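Q: any chance you could fold what I've pasted below:
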Amino acid sequence: MVNPSLISENRKQVTPIIAPRKNTSLYDWLEANGRFIHRDDPEINWSLEDDELLRGDFSGDSEADYVDLAA
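A: Residues are numbered from 1 along each chain as shown. Model prediction:
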């Protein structure tokens, strides 16, 4: 099996380290490689109930709405 990304190094020698690129992000990498798909139309239709869940607004809930699974 030939894999050009794998090379053989002597165990007793210091391995060369590739310096990380500065000021790069995952978003920049995705965009540079054509892997980022920008969508103008959001496919998610947030309802009022979903918005309440995201805000953590559970003021209308009562203890009777929850089932105790431990019992």
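Q: quick one: buried residues of stretch 19-38?
A: For stretch 19-38, a neighbour-count test (16 or more other Cβ atoms under 10 Å) marks nothing as buried. Heads up, the C-betas are built off the backbone N, CA and C, glycines and all.
Q: give me the helix or strand of the protein that scores worst on average pLDDT.
A: Every helix and strand of the chain was ranked by mean pLDDT, DSSP states H and E. The lowest is helix 48-55, at a mean of 68.
Q: tell me the pLDDT at Arg21?
A: Note for Arg21: predicted pLDDT of 75.
Q: next one: Tyr66
A: 65.
Q: same thing with Asn45?
A: You'll see Asn45 listed with a pLDDT of 67.
Q: spit out the contact partners of Ile18.
A: Contact analysis of Ile18 by Cβ atoms under 8 Å, 6 or more residues apart in numbering lists nothing.
Q: shift numbering so it begins at 8
A: From this message on, residue numbering opens at 8, which makes the last subject Ile25.
Q: how many other residues sit next to Pro11?
A: Applying other Cβ atoms under 10 Å, we find 5 residues neighbouring Pro11.
Q: sounds good, over and out.
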